[in-house]
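# Quick one, what's the 3D model for this:
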Amino acid sequence: MVSQHQSKDSGSKKNGGKELGMVTPQEKSSKKMKFASSSAETEPTSQTTISDDSKSGRGMSTMPRVVKRKLQKLRPIVEYNKRGKGIGQAHSEMQSYIGVLARSRVPLVDMKWAQIPKDIKEQIWEAVDIAFVVGQGGKNSVLASAAKKWKDFKSTLTRHYILPYTNDRERLSQPPETYKFIEKAQWDAFVASRLSKDFESVHSQHAQIREKLEYNHRLSRKGYAGLEDQLEETMPGVEIDRSTLWKRARQDKHGNIPDPKVAEKAKLIDELQKQVSEGKVSVSGSNDVLTMALGPEHPSRVRGVGAGISPRQYFNLPKPQRMSLDDRLKESLRVLLQEENKKMEAKAREEALRMEARTKQLVEAEKEHFLSQLSQLIPNFDPSMLKPRISQSPKNPMSDKASCSGGDVRSLHFEDDTAKNGKHQEEKEEEKKDEEKKEEKQDEKEKEDEEKHDDQVVDYSNMEAPSSLKSLCRYVETTLVPQDKTLHFTINKEVFGLERDTFVLPEDITQFAGMEEIGATVVAVYMRYLHDVLKQANMCSMVGFIDPATVSANSGTIADRSRLVAARLQKTDGEQIFMMPYNPGLVSLTGFCFYDFQ
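The predicted model follows:
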């Protein structure tokens, strides 16, 4: 709050026999101020240090040295204590500069701070940000300080220049000589609002509230943060708790407490501190010395530490050790770098999500095109076709394209029957050798077919196939192969009992179109489509499917595959007909066998 009885220069504020920000009184002349410029440290000069030898009293601050430093592109770095409260000379000068801006740039109107236009608030913040290095989250604290100083300025005008002269209309006709920058129209409107009956009622209520304050501090603009910083420098190694701060904040410059009520509480604090040091009294959390002396805390306030500190911040968080100036600067720079990294990471994530969404969009479009082409190749499903094929279904080996050699997949009870029939070990070894020979021959055949297929150039225009299949093959040749793409499908849980993703390669489609061997992936996609057809006909309860990947010869041992099939069948109600792919091992084809699980 601005007063005529304070020192004119806020930068030369005395604090317990030393200038704010100084380590000791003896080092006052050698104190260095940190600046964000080409020179990391700048010695106080006539441009940055104000002498109070010629000052007789405080008037209105204009902070010309701040403007001069702005022209020199020197930005003092504002320091903060362990609780995030500003301390030091740069912080004091910044607060004075905020007061100048609040008085000169915000109109003198009978409004609340929230009603002030945003562009005026932005101008205040930009002016402070140009003059000082405030740090992360500084905008909110700067504007909050400007709001309080603007309110205090109006209070000062009301108490010192309006209410004492309510009967002197001539004195109220012009703005005070100290504040010539106030426009007369604004001053007249402000005086009228302060002399209204509504304001008189509000003023009376606030005066009654003010009278209830029993223990007034004497900190002036220094605040608890400045007092704590001063005590930590003059009392190194001693823990400064809030009871000590509360007591010191009410002492005069000679260390005395003029108010008898405050002196009584200060004496009680001294006694309690002594008992705590002797172990007679224990403190815990918010039940500390100050609470014992003054009574319970207000639910949302903490006495003796200043505004803006919540009980959770003060009592529940560990107290960090006091950091040196260099450590505080390093910590501030680290926080700034972390913030920039977070912004860059967020931007990168946003770009990645955008690309992923675009990719999914393209994949979905290609998938829909593929399914529309494939749907024209598959005839309508006829449930009456299931019955004759059940009896014709041979129990042949099941495999995918990679194992068409016919890994011997027998019925679920094959191994038990073998044990019962008592087959000899020699017969098993012979069977094993025969199977290995068949697999070797089949592998050679597959390798020859693949080499032949690679060398063969398919002419889709002369291929005897439906036009939709030709279009699909041309899409593979012109889009999927040149761009090295695949088609992605999601097979829902209701198809095979477990949700999974699969991919169809370009060669899978060309092999399907050329009536060559097809793999388990194509069969699985076909099963998924067939399930969709059954779902539209409300026949999913009649027919089930077994995943080709679980019955492939590459899917573990025969016993493992049998257990997978048994587990799939056990999840049904016993009335479904299950479809399972098979390969007879004689020709390159893929068919279906159907099991009625009873």
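# For the nearest residue in space to Gly135 that is not next to it in sequence, the count of nearby residues, please.
Excluding its sequence neighbours, the residue lying closest to Gly135 (CB to CB, 6 or more residues apart in numbering) is Ser332, at 5.3 Å. All C-beta spots, glycine's among them, are computed from the backbone N, C-alpha and C. Residues within reach of Ser332, counting by other CB atoms under 10 Å, total 18.
# quick one: the host helix or strand of Ser332 to chain centroid distance?
Using DSSP states H and E, Ser332 falls within helix 325-375. The chain centroid and the centroid of helix 325-375 are separated by 13 Å, computed with CA atoms, centre = their mean, to the nearest Å.
# what does stretch 269-277 give?
45 Å.
# Give the rounded mean pLDDT of that stretch.
Averaged across stretch 269-277, pLDDT comes to 86.
# And for stretch 305-316?
Here the average pLDDT along stretch 305-316 is 73.
# can you list the residues that contact it?
With contact meaning CB atoms under 8 Å, 6 or more residues apart in numbering, stretch 305-316 is reached by 83, 85, 223-225, 242, 245, 285-286, 297, 299-302.
# just the CA coordinates of that stretch, formatted as PDB?
This file holds the C-alpha atoms of stretch 305-316, laid out as PDB (Å, rounded to 0.1, in the frame of the first residue of the first chain):
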ATOM      1  CA  VAL A 305       4.200 -18.000   7.200                       C
ATOM      2  CA  GLY A 306       2.400 -15.500   5.000                       C
ATOM      3  CA  ALA A 307      -0.400 -15.700   2.400                       C
ATOM      4  CA  GLY A 308      -0.600 -18.500  -0.200                       C
ATOM      5  CA  ILE A 309       0.700 -21.400   2.000                       C
ATOM      6  CA  SER A 310      -1.900 -24.100   2.600                       C
ATOM      7  CA  PRO A 311      -1.800 -26.500   5.600                       C
ATOM      8  CA  ARG A 312      -1.100 -29.400   3.300                       C
ATOM      9  CA  GLN A 313       1.900 -27.600   1.900                       C
ATOM     10  CA  TYR A 314       3.400 -26.600   5.200                       C
ATOM     11  CA  PHE A 315       2.600 -29.600   7.500                       C
ATOM     12  CA  ASN A 316       2.400 -32.700   5.300                       C
END
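# what's the pLDDT at Leu227?
For Leu227, the model assigns a pLDDT of 82.
# same deal with Ser155?
pLDDT at Ser155 comes out at 91.
# Help me confirm that it is found in a strand?
No - the assignment for Ser155, made by DSSP: H, G, I helix; E, B strand; the rest coil, is helix rather than a strand.
# ok, it - how many residues close by?
14.
# again, but for the one 3 residues further on
Burial of Thr158 is recorded as 18 neighbouring residues (other CB under 10 Å).
# next SSE after the one helix or strand Lys139 maps to?
Using DSSP H and E, Lys139 maps to helix 138-157. Later in the chain than helix 138-157, the nearest helix or strand by DSSP H and E is helix 169-172.
# so what does the next helix or strand after that next one touch, helix or strand wise?
Downstream of helix 169-172, the next assigned helix or strand under DSSP H and E is helix 184-194. The contact analysis (3 or more CB pairs under 8 Å, 6 or more residues apart in numbering; DSSP states H and E) places helix 184-194 against no helix or strand.
# Counting neighbours, which bits of helix 184-194 end up buried?
By 16 or more other CB atoms under 10 Å, the buried positions in helix 184-194 come out as 187, 190-191, 193-194.
# how about the helix or strand following that helix: buried residues?
Scanning forward in sequence from helix 184-194 by DSSP H and E, the next helix or strand is helix 197-211. The neighbour-count check on helix 197-211 (16+ other CB under 10 Å) flags Phe199 as buried.
# hmm, who's touching helix 197-211?
Residues outside helix 197-211 that contact it (CB under 8 Å, 6+ apart): 110, 158, 193.
# Which single one of those is nearest to Leu336?
Among the contacts of helix 197-211, Asp110 lies closest to Leu336 (CB to CB), at 39.9 Å.
# can I assume the closest one sits in a helix?
No - under three-state DSSP, Asp110 falls outside any helix and is assigned coil.
# show me what contacts it?
Residues near Asp110 by CB under 8 Å, 6+ apart: 189-190, 193-194, 199.
# Swap in 7 Å and give it another go.
Asp110 is in contact with 190, 193, counting by CB atoms under 7 Å, 6 or more residues apart in numbering.
# any idea how far it lies from Thr557?
Between Asp110 and Thr557 the computed distance is 89 Å (CB to CB, to the nearest Å).
# related to what we said a few turns ago, same list, the contacts of helix 197-211, but as JSON lines with pLDDT and distance to Asp484 please.
Converted to JSON lines, those look like this (pLDDT from 0 to 100; distance: CB to CB, whole Å):
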{"residue": "Asp110", "pLDDT": "86", "distance to Asp484": "71"}
{"residue": "Thr158", "pLDDT": "91", "distance to Asp484": "77"}
{"residue": "Ser193", "pLDDT": "91", "distance to Asp484": "75"}
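# Gly99: which of those is nearest?
Closest to Gly99, out of all of those and judged by CB to CB, is Thr158, at 16.8 Å.
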